[in-house]
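A.B. asks: sequence and predicted structure, then a few things I'm wondering about:
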Amino acid sequence: MSSPASTTTDPRLSAHTTLRLGGPAARIVRAEGAAEVVDAVGSADAAGERVLLVGGGSNLVVADDGFDGTAVLLAGRGLSYDRRDGSVVLTVEAGEDWDDVVAATVADGFGGLECLSGIPGRAGATPVQNVGAYGVEVADLLLDVDLYDRRARAVREHVPASALGLGYRTSVLKGNDDAIVLRARFALRADGRSAPIRYAELARTLGVEPETRVDPGAARDAVLALRRGKGMVLDAADHDTWSAGSFFTNPVLEVAEAPAVDGLAAWPAGEGRVKLSAAGLIQQAGFTRGHAGPGGRVSLSTRHVLALTHRGGGTTADLLALAREVRDGVAARFGVELRPEPVLVGCAL
């Protein structure tokens, strides 16, 4: 029998989000492993309580009024490898810190995850968001997940990645906690080389041609340097990292509907569609790095206009006011609606 999850005495969700914003939960429970997650969520469901899953809090924007239910902190740790036919399968518990996982795989000589270095949060959230950066996304590597099916009150093992509806920064799991990721499995490269370097900025930094495979450690170091330069590696002393990462997703439009904007980065998105740079749209709509919201308590990052940051003493209402200003400014200038990437809890744009 598993030991029961522990209930914390501090109900503030702001203590568990990278934005450092958000009101209290009715109750916060810390689950140290998959069995405790099942116990905590099952107990809350049986009692008719709302449930909020919290990992690293890097993708959450929580209302100032907080959450009227039980917040379950995913804190289960553990990872292991299984060699199969020249490749390596990584199994990782949902509560593992994601960057610690990437660092461990690189240190152990396995390639594949290095371009996802420096991304905050827990491993269990990566399939939910289909996390991606620098030319790699979770969908490229994910094999399967173990889920807790809340409707059936049962654990479903080895649910294939193909069943998760993985798309650009989304999945069938996003915005729907009916199924909770307990652990995930990834296919890694066992030959000591990285995934092909596809992102032009990263290739330039490494001094290689696109599609080159390099030492995973070199790729990780380069990715971390690039992310730090954009304020995208967590640092408690740096308010540019008090954010939820990129606040808006890059809009994907039909080619015929996409505005013609000189100098705007755009990428083919298949089937007559194109993906536009949200950061480019924001900049060309007149918003600059450091553009401040109400009272200067929130602002665009001083390094990267796609991140909305908390400068201290602010509220979620302040952050959402800034987000609306940016969204509406881009819509007025280009007729394109930007959509938020983080999960909004008890609030909306």
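C.D. replies: That came in fine, so what should we check first? Residues are numbered from 1 along each chain as shown.
A.B. asks: for Leu52, what is the enclosing helix or strand?
C.D. replies: Using DSSP states H and E, Leu52 maps to strand 51-54.
A.B. asks: CA atoms of that strand as CSV?
C.D. replies: Extracted as CSV, the C-alpha positions of strand 51-54 are listed here (Å, rounded to 0.1, in the frame of the first residue of the first chain):
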residue,chain,number,x,y,z
VAL,A,51,-8.4,19.2,-8.8
LEU,A,52,-5.5,21.2,-10.2
LEU,A,53,-2.3,19.4,-11.1
VAL,A,54,0.8,21.5,-10.4
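A.B. asks: please list the outside residues in contact with it.
C.D. replies: When contacts are defined by Cβ atoms under 8 Å, 6 or more residues apart in numbering, strand 51-54 is touched by residues 13, 16-17, 25, 41, 44-45, 60, 67, 69-74, 177, 180, 345. Every residue, glycine included, has its C-beta placed from N, CA and C.
A.B. asks: filter the residues you listed down to the buried ones, PyMOL style.
C.D. replies: In PyMOL, this line selects whichever of those come out buried by 16 or more other Cβ atoms under 10 Å:
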select buried, resi 13+16+17+25+41+44+60+67+69+70+71+72+73+74+177+180+345
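A.B. asks: show me the contacts of strand 51-54 that map onto helices.
C.D. replies: Among the contacts of strand 51-54, the subset assigned to helices under DSSP state H consists of 41, 44-45.
A.B. asks: which strands and helices lie in contact with the lengthiest strand in the chain?
C.D. replies: If you go by DSSP state E, the chain has its longest strand at strand 179-189. Secondary-structure packing of strand 179-189 (3 or more Cβ pairs under 8 Å, 6 or more residues apart in numbering; DSSP states H and E): helix 34-46, strand 87-93, helix 125-129, strand 142-149, strand 154-160.
A.B. asks: among these, show me which one is buried the most.
C.D. replies: Among the helices and strands packed on strand 179-189, helix 125-129 has the highest mean neighbour count (mean count of other Cβ atoms under 10 Å), at a mean of 27.
A.B. asks: what separates that one from the chain centre, distance-wise?
C.D. replies: Centroid separation for helix 125-129 versus its chain: 7 Å, with Cα atoms, centre = their mean, to the nearest Å.
A.B. asks: let me see the mean pLDDT of it.
C.D. replies: Per-residue pLDDT over helix 125-129 has a mean of 94.
A.B. asks: can you tell me what sits against it?
C.D. replies: Taking Cβ under 8 Å, 6+ apart as the rule, helix 125-129 contacts 55-56, 58-59, 94, 98, 116, 119, 131, 138, 142, 145, 161, 164, 166, 169-171, 173-174, 181, 184, 341.
A.B. asks: can you list the strands that whichever helix or strand comes after it pairs with?
C.D. replies: Following helix 125-129 in sequence order, the next helix or strand is strand 132-133 (DSSP H and E). Sheet pairing for strand 132-133, assigned by DSSP bridges, gives strand 136-137 (antiparallel).
A.B. asks: next structured bit after the longest strand of the chain?
C.D. replies: helix 200-206.
A.B. asks: mind listing what's buried in that following helix?
C.D. replies: Result for helix 200-206 [16+ other Cβ under 10 Å]: buried residues 202-203, 205-206.
A.B. asks: which of those residues lies closest to Leu349?
C.D. replies: Nearest to Leu349 among those is Leu202, at 31.3 Å by Cβ to Cβ.
A.B. asks: can you pull the contacts of the closest one?
C.D. replies: Contact partners of Leu202, counting by Cβ under 8 Å, 6+ apart, are 115, 134-135, 219, 222-223, 226.
A.B. asks: again, only this time at 6 Å
C.D. replies: Neighbour list for Leu202: Tyr134 [criterion: Cβ atoms under 6 Å, 6 or more residues apart in numbering].
A.B. asks: what of the one 3 residues further on?
C.D. replies: Remark: with contacts taken as Cβ under 6 Å, 6+ apart, Thr205 is in contact with Ala222.
A.B. asks: separation between it and Ala222?
C.D. replies: 5 Å (Cβ to Cβ, to the nearest Å).
A.B. asks: tell me what the helix ranked longest in the chain is packed against?
C.D. replies: Secondary structure of the chain per DSSP H: the longest helix is helix 316-334. Helices and strands touching helix 316-334, by 3 or more Cβ pairs under 6 Å, 6 or more residues apart in numbering; DSSP states H and E, are helix 278-284, strand 298-300, strand 307-310.
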